[in-house]
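> turn this into a model:
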Amino acid sequence: MARIERIRVYPVKGFDGIDLESASILEGGTLAHDREFALFDSEGEVVNGKRTARIHEFETDFDPETTTLSVVAPDGGERRFDLDDADDRDRAATWLGDHLGVENPSLERDRTLGYVDRREMGPSVISTASLEAVASWFDDLTVESARRRLRANVEVSGVPAFWEDRFVGDDAPTFAADGITFEGVTPCGRCVVPQRDPDTGEPIPEFQQRFVEKREETFPEWADPSAFDHYYTLMLISRIPEGDRGARLSVGDPVTVSE
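The predicted structure follows:
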């Protein structure tokens with residue numbers, strides 16, 4: 001049976017994710033605590049993995065109950081910050097900025113939408129089988145490593161690989177998780193981040209070329225090719241209708257497709 005297998009959010013944009021048993025849908029249509037905070041430089045540009053591979057060398061954890069961010073830097077230095085406290089948030093920005101070489105950094109917060117890349121859209125969705133398929137394309141790549149590289153919010157089990165591809169294109173269906181509707185908006189074109197080791201930032205040689213070759217080879221018959229600009233694409237970016245916002249999504253929720 002199709003079900004929600006995992007919910008993962010990324011409290012500080014670009015840094016490690018955390019798994020949740022449940023998450024509420026914010027008024028902006030995203031998951032609570034996803035990209036709730038983001039580090040910005042003096043030019044107002046966000047600091048993330050697309051801009052610097054050094055961000056992968058940090059180990060972070062976040063407790064939603066206490067709003068405590070725990071960080072281990074590449075040099076072994078460890079700190080904890082209460083991101084609900086404005087002064088401590090400033091200290092976190094300074095500490096992270098010093099380690100990343102960011103001048104005049106600020107750590108900003110958005111509780112209604114988060115600092116997601118596609119601000120008019122909602123959670124990203126992938127199937128467990130898709131992660132397993134990607135892991136099989138590369139020597140020594142584990143499913144968990146694929147999961148950390150691709151950084152989806154919602155993982156669905158009990159469905160075939162690339163199941164999420166069917167929800168974009170002409171006459172695409174929607175799906176629901178225990179009554180919460182997910183509308184497909186666009187497939188996710190990938191950036192440089194998936195090719196990098198999530199702990200070290202070291203890239204897999206010729207990752208994109210191999211990925212594109214295998215993606216084209218395994219492209220499912222139920223997907224609409226016209227909805228995809230290229231094959232360096234994996235994961236669904238969804239939208240949750242306004243009427244379903246405020247609801248709560250949970251691990252184990254049954255998933256059904258509405259044709």
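> may I have the secondary structure class of the closest residue to Arg215 other than its chain neighbours?
Closest residue to Arg215 apart from its sequence neighbours, by C-beta to C-beta, 6 or more residues apart in numbering: Tyr231 at 4.2 Å. Using the backbone N, CA and C atoms, a C-beta is placed for each residue, glycine as well. Under the three-state scheme (DSSP: H, G, I helix; E, B strand; the rest coil), Tyr231 adopts coil.
> try Pro187
Assignment for Pro187 (three-state DSSP): strand.
> beta partners for it?
On the basis of DSSP bridges, Pro187 is bridged to Leu236.
> isn't it right up against Tyr231?
No - counting by C-beta atoms under 8 Å, Pro187 does not reach Tyr231; the two are 10.1 Å apart.
> more crowded one of those two?
Pro187 (22 against 19; other C-beta atoms under 10 Å).
> Cys191 and Asp170, how far apart?
Distance, Cys191 to Asp170, using C-beta to C-beta, to the nearest Å: 27 Å.
> compare these two (neighbour count), which wins?
Cys191 (12 against 7).
> if I've got this straight, the more buried one is in a strand?
No - looking at Cys191 with three-state DSSP, it is coil, so not inside a strand.
> tell me the contacts of the residue lying closest to it once chain neighbours are set aside?
For Cys191, ignoring the flanking residues on the chain, the nearest one in space by C-beta to C-beta, 6+ apart is Lys50 at 5.2 Å. For Lys50, the contacting residues are 191-193, by C-beta atoms under 8 Å, 6 or more residues apart in numbering.
> from those, which single one is nearest Gly29?
Cys191 (22.0 Å; C-beta to C-beta).
> and the contacts of the longest helix seen in the chain?
Looking across the chain with DSSP state H, the single longest helix is helix 86-100. Residues from elsewhere that reach helix 86-100, judged by C-beta under 8 Å, 6+ apart: 37, 39, 41, 47, 52, 54-55, 58, 69, 71, 73-75, 77, 79, 81-83, 102-107, 109.
> which positions within the helix or strand following it qualify as buried?
Counting by DSSP states H and E, the element after helix 86-100 in chain order, helix or strand, is strand 106-109. Within strand 106-109, the residues scored as buried using 16 or more other C-beta atoms under 10 Å are 106-107.
> listing partners with orientation, what would you give for strand 106-109?
Short version: by DSSP bridges, strand 106-109 pairs with strand 37-40 (antiparallel).
> hmm, who's touching the strand it pairs with?
By C-beta under 8 Å, 6+ apart, the surrounding residues in contact with strand 37-40 are 11-14, 46-48, 69, 83, 89, 93, 96-97, 100, 102, 105-110, 115.
> ditto for stretch 64-71
11-12, 18, 20, 32-33, 37, 58-63, 78-84, 92, 95-96.
> quick one, phi/psi of Arg6?
Dihedral angles of Arg6 (phi, psi; degrees, to the nearest 10) stand at phi -160, psi 140.
> for the helix or strand hosting Ala146, packing partners?
Using DSSP H and E, Ala146 sits in helix 143-150. Other elements packing on helix 143-150 under the criterion 3 or more C-beta pairs under 8 Å, 6 or more residues apart in numbering; DSSP states H and E are helix 128-136.
> average pLDDT across the helix it packs on?
In this model, helix 128-136 has a mean pLDDT of 98.
> in that helix, what's buried?
Result for helix 128-136 [16+ other C-beta under 10 Å]: buried residues 128-131, 133-135.
> again with stretch 26-43
When burial is assessed from 16+ other C-beta under 10 Å, stretch 26-43 yields the following buried residues: 26, 28-41.
> export stretch 167-187 as CSV, just CAs?
Presented in CSV, the C-alpha positions along stretch 167-187 are these (Å, rounded to 0.1, in the frame of the first residue of the first chain):
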residue,chain,number,x,y,z
PHE,A,167,1.9,14.1,-11.7
VAL,A,168,3.1,16.7,-14.2
GLY,A,169,2.0,17.3,-17.8
ASP,A,170,-1.3,17.4,-19.6
ASP,A,171,-4.2,15.8,-17.8
ALA,A,172,-1.9,14.8,-14.9
PRO,A,173,-3.7,13.4,-11.8
THR,A,174,-3.2,14.5,-8.2
PHE,A,175,-2.6,12.5,-5.2
ALA,A,176,-3.8,12.8,-1.6
ALA,A,177,-2.2,11.8,1.7
ASP,A,178,-5.0,11.1,4.2
GLY,A,179,-7.1,13.9,2.6
ILE,A,180,-4.3,16.4,1.9
THR,A,181,-4.1,17.0,-1.8
PHE,A,182,-0.8,17.3,-3.7
GLU,A,183,-1.0,18.9,-7.1
GLY,A,184,2.1,18.4,-9.3
VAL,A,185,3.6,21.7,-10.5
THR,A,186,6.9,20.8,-12.1
PRO,A,187,9.6,18.2,-12.1
